[in-house]
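In: got a predicted model here, sequence first, then my questions.
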Amino acid sequence: MVVGMAPRLLVYTRTTDYRHDSIPAAVVAVRALGEFDVEHTEDPAALEAALDGWAAVVFLSTSGDVLTPAGRERLAGYVEAGGGFVGVHAAACTEYGWPYYGELLGARFDRHPAHQPGRAVVEDRTHPATRQLPAVWEFTDEWYDFRTNPRGAARVLVCADESSYEGGGMGADHPLVWCRSQGAGRVFYTALGHAAEAYGDPDFRQHLRGGIAWAARLAH
């Protein structure tokens, strides 16, 4: 990285399954953070090139199979060698046929109830993605359930309070946001971010900023 230049983010939003209407607002929000040189793409060839120059790769509500075999190899090599990876919302609905991706992310999407208000409980307030959040964060989202609980394989930062909304399926321990190491790399995931309105929320933007900065080793 050239001294004085902003850290570079590769923001990837390709979808081959459900496509979120919030993707344009999400990209605008990441650009508006102002701390990163953002390249947004939906071209899988961008993941086939050398990724060494990127501070982090962000899968922003991707869905379905979005990588070529060469792209899978590049992404895995990049993270294992110390690169940063950030998954937002439907990133957990991505690459179901690639076992490594499930390990990388920490858990895969299972189902969600209706989009509705609820409470997120901040379990770990020492992380850059959660330091500025209230201990109990009132939010409106889809409150994703996951096929497995990432606790143990990941450092859980935020959990859903299933008593605060209808249709939760994971019980008392329902992680929503976590981070983990993969090889020499850092991985951050947040299940929040379904609706365009979320990306205009100052707390959510700060949440994204902290998660990206942590994955890119710009914050601790």
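Out: Here it is on my side, so go on. Numbering: from 1, shown residues only.

In: local confidence estimate at the residue positioned nearest the centre of the chain?
Out: Nearest to the geometric centre of the chain sits residue 87, at 2.3 Å (C-alpha atoms, centre = their mean). Here, the pLDDT recorded for residue 87 equals 98.

In: one more: residue 1?
Out: pLDDT, read off for residue 1, is 44.

In: quick one: residues contacting the residue nearest to the centre of the chain.
Out: 58-59, 94, 105, 187-190 (C-beta atoms under 8 Å, 6 or more residues apart in numbering). C-beta: built from backbone N, CA, C; applies to glycine.

In: grab the nearest non-local neighbour of it.
Out: residue 189 (4.2 Å; C-beta to C-beta, 6 or more residues apart in numbering).

In: who is the one you found paired with across the strands?
Out: Counting by DSSP bridges, residue 189 is bridged to residue 87, residue 178.

In: that one and residue 6: what is the separation?
Out: 23 Å (C-beta to C-beta, to the nearest Å).

In: between those two, tell me which one has more neighbours.
Out: The residue with more neighbours, out of residue 189 and residue 6, is residue 189; 27 against 13, by other C-beta atoms under 10 Å.

In: which residues touch that one?
Out: Neighbour list for residue 189: 86-88, 91-92, 105-106, 154, 177-179 [criterion: C-beta under 8 Å, 6+ apart].

In: what does the host helix or strand of residue 209 contact?
Out: Assigned by DSSP states H and E, residue 209 belongs to helix 202-215. Outside helix 202-215, the residues that touch it by C-beta under 8 Å, 6+ apart are 9, 29-30, 32-33, 35-36, 56, 58, 84-86, 88, 127-134, 137, 139, 177, 179, 186-188, 190, 192-193, 198-199, 219-220.
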